[in-house]
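*Asks:* After the sequence you'll find the predicted model.
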Amino acid sequence: MLIKTIFSGFGGQGVIMMGYLLATAGMIEGKNVTCLPSYGAEVRGGTANCTVVVSSEEIASPVASEPEYAVLMNNPSLIRFQNQVQSGGTVFLNSSLIEDRPIRGDLVIYEVPLNDLIKQLSENRGANVVMLGAFIKKSGLVTPETMIRVLKDTFSGKNPAVFKSNRSALMLGYEYLK
Amino acid sequence: MLIKTIFSGFGGQGVIMMGYLLATAGMIEGKNVTCLPSYGAEVRGGTANCTVVVSSEEIASPVASEPEYAVLMNNPSLIRFQNQVQSGGTVFLNSSLIEDRPIRGDLVIYEVPLNDLIKQLSENRGANVVMLGAFIKKSGLVTPETMIRVLKDTFSGKNPAVFKSNRSALMLGYEYLK
Amino acid sequence: MKKVFGRPKSLKATPFHYCPGCGHSIIHRLIGEVIDEMNLQEKIIGVPPAGCAVLAYNYFDIDMGEASHGRAAAVATGFKRVLPDRIVFTYQGDGDMAAIGTAESIHAAARGENITTIFVNNGVYGMTGGQMAPTTILGQNTTTSPRGRKEKTEGFPINLSEMLAIARGSSYIERTAVNTPANILKTKKAIAKAFRLQMQGYGFTLVEILSACPTNWKMDPVKSSKWIDEVMTSHFPLGVLKDNSGDKKDAH
Amino acid sequence: MKKVFGRPKSLKATPFHYCPGCGHSIIHRLIGEVIDEMNLQEKIIGVPPAGCAVLAYNYFDIDMGEASHGRAAAVATGFKRVLPDRIVFTYQGDGDMAAIGTAESIHAAARGENITTIFVNNGVYGMTGGQMAPTTILGQNTTTSPRGRKEKTEGFPINLSEMLAIARGSSYIERTAVNTPANILKTKKAIAKAFRLQMQGYGFTLVEILSACPTNWKMDPVKSSKWIDEVMTSHFPLGVLKDNSGDKKDAH
Amino acid sequence: MPKVLMRGNHVVGEAAIRAGCRYYFGYPITPQNEIPEYMSEKLPEAEGGVFIQAESEIASVHMVIGASMAGGRVMTSSSGPGISLKQEGISFLCALELPAVIVNMSRGGPGLGNIAPSQSDYFQATRGGGHGDYRTIVFGPNSCQELADLTYEGFNLADKYRTPVLVLGDGMLGQMMEPVELPQEIPLKKLPAKDWALTGAKGRASRFIRSLILDPIKEEEHNWKLMRKYEKITREEVRWETYFADDAKMMVIAFGIAARIAKGAIKRLREEGVKVGLLRPITLWPFPFKAIKEISKKVKHFFVFEMNMGQMLEDVKLGLEGNGEVHFYGRPGGVILTPLEIARVISSQYYQKRLG
Amino acid sequence: MPKVLMRGNHVVGEAAIRAGCRYYFGYPITPQNEIPEYMSEKLPEAEGGVFIQAESEIASVHMVIGASMAGGRVMTSSSGPGISLKQEGISFLCALELPAVIVNMSRGGPGLGNIAPSQSDYFQATRGGGHGDYRTIVFGPNSCQELADLTYEGFNLADKYRTPVLVLGDGMLGQMMEPVELPQEIPLKKLPAKDWALTGAKGRASRFIRSLILDPIKEEEHNWKLMRKYEKITREEVRWETYFADDAKMMVIAFGIAARIAKGAIKRLREEGVKVGLLRPITLWPFPFKAIKEISKKVKHFFVFEMNMGQMLEDVKLGLEGNGEVHFYGRPGGVILTPLEIARVISSQYYQKRLG
Amino acid sequence: MPAGMIEIDSELCKDCKLCISVCPHHLIEPFNQLNQKGYAPVIFTESEHKKEDRKCTGCALCAMMCPEIAIEVHRA
Amino acid sequence: MPAGMIEIDSELCKDCKLCISVCPHHLIEPFNQLNQKGYAPVIFTESEHKKEDRKCTGCALCAMMCPEIAIEVHRA
Ligand SMILES: Cc1ncc(C[n+]2csc(CCOP(=O)(O)OP(=O)(O)O)c2C)c(N)n1
Ligand SMILES: Cc1ncc(C[n+]2csc(CCOP(=O)(O)OP(=O)(O)O)c2C)c(N)n1
Ligand code: SF4
Ligand code: SF4
Ligand code: SF4
Ligand code: SF4
């Protein structure tokens, strides 16, 4: 098993964090993982993206030329990555920001209206974690329990409330997609 | 035929000029020549020296490890080079400044009291050219005619008088050694 | 109605890649306007730096030759000595100019090299992601002064323009800003003056421009503009630092 | 009778390789005297340059670590940061300090690096055979300004110490000379003061010393000493350029 | 030790600190900025730790020289152009026999190039881009774990041999995150004593460290001394790994990130029965010439894959001494191939040579 | 043209001026100071000539970049440490495809070393000490006459290929005087036009010269373009000479001043009937691999003599591909051997191998 | 005071709001529709107004401040 | 004024004559015998004088000026 996922969006949308959380969860579940954020000039003015590979074996390349999954947070990301996803792959769209839809017919598409969803959260933020919840639900790459543990390790150092709101965000996304 | 000569003395004694003049004369007479001045830190505070090779064939190395001739203008030069001269080689000593004599018995030695000799010149200088005169007389490496031509080419640009006094100096040395 | 403000013709149509509110964009436009107004498009050569403005040749519709990081003044010297009747300018960030390029900057000024430097001081290394610059002020947080710059550990910021003013070969040095319309106008005048003095053979000219980097300052552009007024100018006071041209008033 | 003047014990017995009348020799002795008098031999580290003084470790009986040409201030920074309670000084010529080492010098001062620089200004590149230095004065002949230095072609000389005085991290900068007994005494006091301020943690200190290079000036030593007074000091005026220690008078 | 998910550049920083490195001098350049950033965050928290963002790469490498002479464990890092600027300093480090660790997270070149991963600084690293006869130990890690282990080990080797050690990574290694088991922290007290360091001549004769040796005969002796050291390193410190080498009919030789991608390709190919193996030099200098020679007794077909125009290729050829055929495939400029593409290129060679 | 007796460094300067070089930027360092000194004397007398003693080697090489972009024939020179400092700039010159001539009168190293002649910058010169995949044409002259001819030719090749040309001399060549026939002066008007130069966008579209190519695919294309140029140079510009090669049973391979000394040795040996010959690479890059390969069909015993610890040796081995035995004899650090000593070493090898 | 008007190129605008901060008459406002690059360009509130009703003087302060040269200013 | 005297190490002296130029009593003079290095060291004219006859004050100006540390100064 070797699964590649690409997360992509604007600089501020937290896509690197999504990658980090997924890769950490994979690591905790005993898998091989790599997480490769885009960097440098690539970032400025364009999309930021982050590639996560989760695998039961050694990972040759952290680059996802043909990812199984794409999590796309804005329109430019859709334009850039829709043709790279593997045939039969799955695309998660932030439908609050992305109006277009992939032109290819061979993809599974999940739409997640993040802007609407985060209104249900106390702080009106955490769209990336909501999306991550939706993603792990459908990809099954890691369990929600592991992800909650990762959220706890990552966020409760600062402030337990931050962890809690992230957990709520995760579960919101997890439960949104049926 | 391949003849190596080393000129050595204090910085101000004009040894590089002696080498340059000899090499140029050799060149004019159609021989292969090289002239290698000592340089850089070697010069400061110590002796300056200059190696001339005159040869009928291509010259492999401009360095004179075992010169046939040594023209020594001061005591440190004698100390440094007396053991390098080839067995049977010839040493020209500025006897006005050098009190010691080579300890080796296999060298031909010519003593030239430069300080005394230059008193015979109008300007009291040009000791190096005096020595050069003595040197070409005994080495026979180039003819005095060629050397006079070289002196002319080298010095008359500036001032014809300079050439003339150099010619006198050359001939003084040339005639001093019988 | 008449168009009274638009894109200068010495700028290409390419949109800038700079971040929202970035001072580089404003400064590019000002240089473009001056080139247009002084009719220099066919006789000016620009030397862009390594820094956020590394792609400046994508915007300026003039001849431009890249310098490696910090060496713009040396590259410009090469240009100017071959083409003494062209106008040659460097465009440099504070890291480029006042850190790695310190020696080249100071010696171009000392030589009185007849070139103009546009010195964009935004107090950080923009291109590489907001590290400390030689001009980062005390207390300022950057990615390599995460506890705020302190004199004991990170040392003091450097006022390079003041040093360059001491160099006998520099003829005109002014510090301006592009945070308000009034300052922007002054900046434009200063650039024009520097080019003019170069044409007249005055030697080294420089305009240091305090410029916002909202991204790495982690402030929005409007707040960044205020910060320049309220904080940055007290460390880097605006004004003419040197003027050998005899027309001090003319600057603005 | 009592010996009242002799070789300082922090100098080895090795005779200097410097040319007759060279200022380096005098400056070496003065540093040695100060080390003796302040009892620093066991806690001082020197950084010699590439320059005529490259062999300084043959003379000083203290720990010394070589720097490549121009980088003494950086090397000294490395030393000082590892050994903050030792006294660290660089010994640099004008080419080393003010040409290739400009950036390192300026930034050590800007950082307020707690080191001392002995800056030997002899207006030429001694070691390499008398080429033009950044401090060669206008009109002066050197092997690379054979027609005399002219501002139009070779550019102006540079007053680096004045620039360093602007750096906020420098605490004490004085220019002296070693051409007369009185100036020699002042130089010694200045060196002692710089070391003392370093021990007190004042940051960057520097003594610029006008020093004869009879060989490359093509003057005899006595004439060279006069030339320093008559010509060189009018371009490089002697005196304290900066003193943050609050005891200005104490310098002399 | 539990694993942590860390970015390669951070791994370098953390491994250095655990190895007792307390002095870092550097200058920003992408794609290695996270190293100075990490050090600026962590070093001031470590006992005696000093971080300086120098005014340039040249200043940083010379600060390294000073700190190393003073006896500190010290590091600098950069990429491409910045490493070029350090070449004079590296030549000095070698001549002065000073330990230090230098990291190059290399990028696309020549010139300003780009910030994508590339392997085109191999010549510079292994031949020494500076002047004079010298060598530096060069590690070519291919994972974040190796970045940790080799950086850490680098400090030990540097001290052991009094010579600089270069870690040659690339933009991808520096940026990617992987689970890493961090090495044990060395207490400062346990660091090897340096009886040659310059610390002020207290209770001992004064001493100096210099590389100026005016007399050619003495300079020659110094050079031979260095040479003997390099020969010792060549005998004792060569590292490489093989993968499916036993029955291979064709061997891929690749280092760093390229080797890792090639490994993926080989795994695929093995599944298809293609008998191809991998030799991965871990020390790029000293290069595993002997291992290659050994293999060339059995295998005659070699495939070299580099993310450059063919640099390690020369070492492979030197190792083979004509004893085998080498096919080269290179992608310069920061292009990263996929295991699939590499697999295609290998198998086409494999079948052309009628090995399958 | 009558011959003149000139010092190698002056020969370089004069040949450059005759080749139309009007811009020199440099920084003093022994043993090449006579080059800047000569240029400071002569350039201001030549039409449009500019001499600048820059503040550093780095500034000089970047002034070269500017002047070259502006279309000038331009030169810089230095030695060892100074050449190390120019490596970033040389990488840029290659990436930007700019012509220039760079002279290295090399000295003993590494570090400050000494000012005696040495050949230990061979790797740096031929592999490129800077970052990225690039090559420079490298000449290895062995006499003042060749210094003149190759410096002169260097400007032409630099312009022809838009690439920097390195002249790798040494302290002895720079300092020694020999009779030289100087090349013909090229009138400035006859210099090749440069339709790519940046001169102000008058009467044409504006243009720019840059090496930043962020897209790896485009950077790769640029690299392949450079590679094609390097391959063309490799095909068309290799130069070497042989000496007593026809019936040789053993071939010496040496370059520059070492080759010259070896020649002297060979002459002696030939007189004694020892059948030894010489192959002297004149271009060190491109290296005469083919010539060596050709010779290795007949001769199986090779002797490499370098004034370093064995650098060109690698190229010789690459050329031989195992096809012959190589004996190396090196003297690093600035030691100059005599023809006699070399003759002894060669003949001992010769008889050990039972060739005589 | 001559009447003026501005045109904002919404594809160039990066929503930095510097123009808003300098317009003496507050005639520029944020708007929440994204452009191709993902920014929400600001709008000129008087673009539909009749000439007589405009408060815009064409002073060009906004344009002078705009980093993106997204504003063209027209004046009678 | 206490009587002084100096000793000049003739092997160290490089004949720069700086000491001569500063001695207020002109007690140092050139001499034409070369030392090992080829320099003609200067001499102290009062070295043979009796203590009472010396004009040397031991002021050490000469030594202070001497680059070679060739002069040792003694004072009563
Ligand atoms: C030799 C070298 N060192 C470092 C870099 C990386 N680098 C590129 S731009 C830059 C600094 C940018 O800061 P600044 O000059 O202030 O310009 P800004 O981006 O802020 O406009 C650095 C360090 C480089 N390209 N080359
Ligand atoms: C990188 C480098 N460039 C150049 C040199 C050659 N070099 C040695 S010392 C020196 C300058 C000496 O002049 P200065 O610093 O004024 O000291 P001085 O010899 O006059 O005391 C130069 C250029 C070098 N050693 N290294
Ligand atoms: S990082 Fe800063 S300087 Fe660079 S484009 Fe963005 S705002 Fe401008
Ligand atoms: S060359 Fe000048 S600085 Fe150097 S030792 Fe001689 S006099 Fe002193
Ligand atoms: S001590 Fe004073 S008086 Fe005596 S010789 Fe020296 S300078 Fe003259
Ligand atoms: S000052 Fe010293 S070196 Fe100079 S002449 Fe006097 S004793 Fe000799």
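*Replies:* Received the coordinates, thanks. Every value quoted in this text rests on a predicted model; they were computed, and no experiment measured them. Residues are numbered from 1 along each chain as shown, chains lettered A, B, ... in the order given. Ligands and ions are numbered 1, 2, ... in the order given.

*Asks:* ranges for the strands of chain A?
*Replies:* Along chain A, counting by DSSP state E, strands occupy A:2-9, A:32-37, A:48-55, A:69-72, A:90-94, A:108-112.

*Asks:* and residue 18, how many neighbours?
*Replies:* Just going to use chain A. Neighbourhood size, A:Met18 [other C-beta atoms under 10 Å in any protein chain shown]: 24. C-beta here means a position set from N, CA and C on the backbone, and glycine is covered the same way.

*Asks:* not what I meant, chain C
*Replies:* 25.

*Asks:* sorry, back to before: specify the stretch among the strands of chain A that is closest to E:Asp133.
*Replies:* Nearest of the strands of chain A to E:Asp133, taken as C-beta to C-beta: strand A:32-37 at 39.3 Å.

*Asks:* I'd like the strands of chain A as TSV, with mean neighbour count, distance to C:Gly246 and mean pLDDT appended.
*Replies:* Output for the strands of chain A, formatted as TSV (neighbours: other C-beta atoms under 10 Å in any protein chain shown; distance: least, C-beta to C-beta, whole Å; pLDDT from 0 to 100):
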stretch	mean neighbour count	distance to C:Gly246	mean pLDDT
strand A:2-9	25	57	95
strand A:32-37	24	56	97
strand A:48-55	24	53	95
strand A:69-72	28	62	97
strand A:90-94	24	62	97
strand A:108-112	16	68	97
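
*Asks:* Chain B is nearest to which of those?
*Replies:* Chain B lies closest, by C-beta to the nearest C-beta, to one member of these: strand A:32-37, at 53.3 Å.

*Asks:* rewinding a little: please identify which of the strands of chain A is closest to F:Ser143.
*Replies:* For the strands of chain A, proximity to F:Ser143 was assessed by C-beta to C-beta; strand A:32-37 is nearest, at 55.8 Å.

*Asks:* What is that closest one packed up against?
*Replies:* Applying 3 or more C-beta pairs under 8 Å, 6 or more residues apart in numbering or on different chains; DSSP states H and E, one finds that strand A:32-37 contacts helix A:15-28, strand A:48-55, strand E:4-7, helix E:171-175, strand E:177-180.

*Asks:* rerun at 6 Å
*Replies:* When contacts are defined as 3 or more C-beta pairs under 6 Å, 6 or more residues apart in numbering or on different chains; DSSP states H and E, strand A:32-37 packs onto helix A:15-28, strand A:48-55.

*Asks:* Just give me how far it sits from the chain centre.
*Replies:* Offset of strand A:32-37 from its chain centre (C-alpha atoms, centre = their mean, to the nearest Å): 13 Å.

*Asks:* what comes into contact with it?
*Replies:* Residues from elsewhere that reach strand A:32-37 (C-beta atoms under 6 Å, 6 or more residues apart in numbering or on different chains): A:16, A:19, A:23, A:26-27, A:50-55, A:59, A:62, E:176-178.

*Asks:* returning to that earlier point: distance to ligand 4 added to the strands of chain A, as JSON lines?
*Replies:* Supplementary listing: the strands of chain A in JSON lines, determined by distance: least, C-beta to the nearest ligand atom, whole Å:
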{"stretch": "strand A:2-9", "distance to ligand 4": "64"}
{"stretch": "strand A:32-37", "distance to ligand 4": "55"}
{"stretch": "strand A:48-55", "distance to ligand 4": "58"}
{"stretch": "strand A:69-72", "distance to ligand 4": "69"}
{"stretch": "strand A:90-94", "distance to ligand 4": "71"}
{"stretch": "strand A:108-112", "distance to ligand 4": "76"}
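
*Asks:* Kindly report the residues of chain A close to chain G.
*Replies:* Within reach of chain G by C-beta under 6 Å from any C-beta of the partner chain, chain A has these residues: A:10, A:74.

*Asks:* circling back: can you lay out the helices and strands packed on strand A:32-37 as CSV showing distance to F:Tyr243?
*Replies:* Shown next, in CSV, are the helices and strands packed on strand A:32-37 (distance: least, C-beta to C-beta, whole Å):
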stretch, distance to F:Tyr243
helix A:15-28, 65
strand A:48-55, 60
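
*Asks:* A:Phe163: how many residues sit nearby?
*Replies:* Neighbourhood size, A:Phe163 [other C-beta under 10 Å]: 18.
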